[in-house]
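Chemist: Show me the folded form of this:
(one chain, ligands or ions: 1)
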Amino acid sequence: MSALLTESEFEAIASSIDLPSNAFINGKFMSAKSGKTIPSVNPATGDVITDVAACQVEDIDFAVGKAREAFDRGYWSRLHPTERKHAMIKLVKLMKRHRHELAVLESIDSGKPISDCVEIDVPESLHCLEWHAEAADKLYGKISPSGDDALGMIVREPIGVVACILPWNFPLMMAAWKLGPALASGNSVIIKPAPQTSLTALKLAELSIEAGIPPGVLTVVPGDGPEAGGALGMHPDVNAVSFTGSTVIGRRFLEYSARSNLKRIVLELGGKNPCVVLDDADNLDYVAEHVAQAVFWNMGQNCSSNSRLIVQKGIKNDLLEKVIEKTSDWRTGYPLDPSNKLGAMNTREHFNKVMNYINIGKEEGASIILGGESIDIGNGIYIEPTIFDGVGRDMRISREEIFGPVLSVIEVDSPSEAISVANDTEYGLQASLFTSNVKQAHRMARDLQAGTVTVNCFGEGDISTPFGGYKQSGFGGRDNSLLAHDQYCETKTIWYDLSDNDQDADLS
Ligand code: NAP
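Modeler: Modelled structure (predicted):
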């Protein structure tokens, strides 16, 4: 990615963008049949930036019908995989050309700092789409070990119409995580973005026309969750849903599936992820940087946020001092100013939820050693990076996903107590571990109940590693890596009987 532009250059882009607002169905932009819209608010200013189509059941029926038609006619599903790859790579090139516009759209729609949008969200989304596009013509089927008298072919086929239900915290990246493998596998894909952050998915749809992705293959239906998301969940002609969001709504999709056509459901859900730091961790300055990044990045609105710091007594005070020192560099402010590392919270409702948790933490008797207040900047909604010390493992701020810039520090005496506290949660998405003892690192990485464990760093792996949750953090599959393609494919056995006996029998 190129060097960051200045705030006034980003402002100029923001004021010149033709904001997308209509749904994208069958290769065309159209308003919802009811004419209803949902205002899209810039959380940094409180201004309505555009009104986005609010799709309802009749729009979803129409969109699913067109997606099914495209799938059945084979415009994409039976296209040679190399041609699918070329179209997707063309889309990536177009996105690259429009990268500043995509970054600014993401920032004004979600409150994310522009530096993250330019340096992380947009390039990682491009890399993800390109990586899966490249896989399109490199995935092989299998032949079963069934002896010389039979040929058992195990082939992968696109599952059909795939609905992707997205959250608001990484709007473009979550779209890419799902779109990449689903499109590369030959499906018709319908994206239902979160209503407050639909703009980058709609821009991506606009670029898909020039990339040559046929009508009906990529659809974007913005709309309210229960209405548009529920209609997709219940639709008898949707074959699979890939959902990223909260555990409570994820459960609904299992119900929708049971009550409709048993469509496949894959859920990527919430987390209350532990960061375990043992007494023997090397270089506390380095550890502190990772602890701050793990909890405050994206204002803590991150499913893999390490919102619980589980630290051994001997180094706790030194580490916390360093985390506070590192956090002093994290300037919060207007998202289009590239020197700000933290932006606005996504919505007023979410801001209130996080502030309420800060009050709960105070009432539960934990002590605030950093932050704890909202920040008054214009009409925006900002919260200080906040650290609670003296958190008990049964407090609500230790057990519930806050999804904001709030760290709960839990002191432990031993590595075994650290594991016991870390695993004492209904979630199991991600965990980080810091220790200089290699054997201990390996053993504890196995003991931590999480889909991803990072050792001596915070992270989520990369596009080549599967991402998803144990326990109530996930269900039915994984995003990223080649495993992600499995979510969007059926497995078919094609069996040939090659035995002489059978041929004789057929001739007689
Ligand atoms: P959410 O409230 O569960 O919403 C997710 C999506 O579901 C939105 O598009 C939402 O639309 C829709 N929805 C809501 N109610 C629905 C219903 N009754 N039927 C059908 N669809 C419905 O989650 P969120 O607040 O957007 O996102 C935050 C959550 O996502 C956190 O828990 C976070 O941990 C999780 N997350 C997980 C991952 C991962 O990879 N595991 C990644 C990112 C985020 P509306 O907005 O209109 O309600």
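Chemist: which residues of the stretch 301-450 of the chain fall in helices?
Modeler: Listed in chain order, the helices found in the stretch 301-450 of the chain under DSSP state H, counting those that start in this stretch are 313-327, 348-363, 396-399, 415-423, 438-447.
Chemist: residues in contact with the shortest one?
Modeler: Yep, that's helix 396-399 we're talking about. 272, 308, 357, 360-361, 364, 366, 388, 391-393, 406, 408, 410, 425 (CB atoms under 8 Å, 6 or more residues apart in numbering). Backbone N, C-alpha and C define where each C-beta goes, glycine included.
Chemist: List just the one of the helices of the stretch 301-450 of the chain that sits closest to the ligand.
Modeler: When those are ranked by proximity to the ligand, the top entry is helix 348-363, at 7.3 Å, counting by CB to the nearest ligand atom.
Chemist: what comes into contact with that closest one?
Modeler: Contacting residues not belonging to helix 348-363 are listed as 43, 300-301, 345, 368, 372, 374, 381, 383, 386, 388, 391, 395-397, 400, 402-406, 408 [CB under 8 Å, 6+ apart].
Chemist: just stretch 275-292 next, same as before
Modeler: Outside stretch 275-292, the residues within contact range by CB under 8 Å, 6+ apart are 294-295, 306, 308-315, 318-319, 322-323, 325-327, 330, 385, 407, 415, 418-419, 422, 431-437, 440, 444, 448, 456-458.
Chemist: What's the first helix or strand after the helix or strand hosting Pro123?
Modeler: Assigning secondary structure by DSSP states H and E places Pro123 in helix 122-135. The element immediately downstream of helix 122-135 (helix or strand, assigned by DSSP H and E) is strand 142-143.
Chemist: List the residues that contact the residue nearest to Gly343 when sequence neighbours are not counted.
Modeler: Take Gly343 and drop its neighbours on the chain: the residue closest to it by CB to CB, 6 or more residues apart in numbering is Pro335, 3.6 Å away. Remark: with contacts taken as CB under 8 Å, 6+ apart, Pro335 is in contact with 44, 107-108, 111-114, 343-344.
Chemist: what's the pLDDT at Pro335?
Modeler: In this model, Pro335 is scored at 98, pLDDT.
Chemist: any idea how far the closest residue to Lys471 other than its chain neighbours is from Glu268?
Modeler: Nearest non-adjacent residue to Lys471, counting by CB to CB, 6+ apart: Gly428, 3.9 Å away. Look at Gly428 and Glu268: by CB to CB, to the nearest Å, they are 12 Å apart.
Chemist: These two - which one has more neighbours?
Modeler: More neighbours surround Glu268 than the other of Gly428 and Glu268, with 28 against 24 (other CB atoms under 10 Å).
Chemist: Extract the C-alpha trace of stretch 92-105 and format it as CSV.
Modeler: Taking only C-alpha atoms (Å, rounded to 0.1, in the frame of the first residue of the first chain), the coordinates of stretch 92-105 have been written out as CSV:
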residue,chain,number,x,y,z
VAL,A,92,-9.0,-7.3,-7.1
LYS,A,93,-7.1,-5.0,-9.6
LEU,A,94,-10.1,-2.7,-9.8
MET,A,95,-10.3,-2.6,-6.0
LYS,A,96,-6.6,-1.7,-5.9
ARG,A,97,-7.2,1.2,-8.2
HIS,A,98,-10.1,2.4,-6.0
ARG,A,99,-8.3,1.6,-2.7
HIS,A,100,-8.4,5.1,-1.3
GLU,A,101,-12.1,5.4,-2.0
LEU,A,102,-12.7,2.0,-0.4
ALA,A,103,-10.6,3.1,2.7
VAL,A,104,-12.4,6.4,3.1
LEU,A,105,-15.8,4.8,2.6
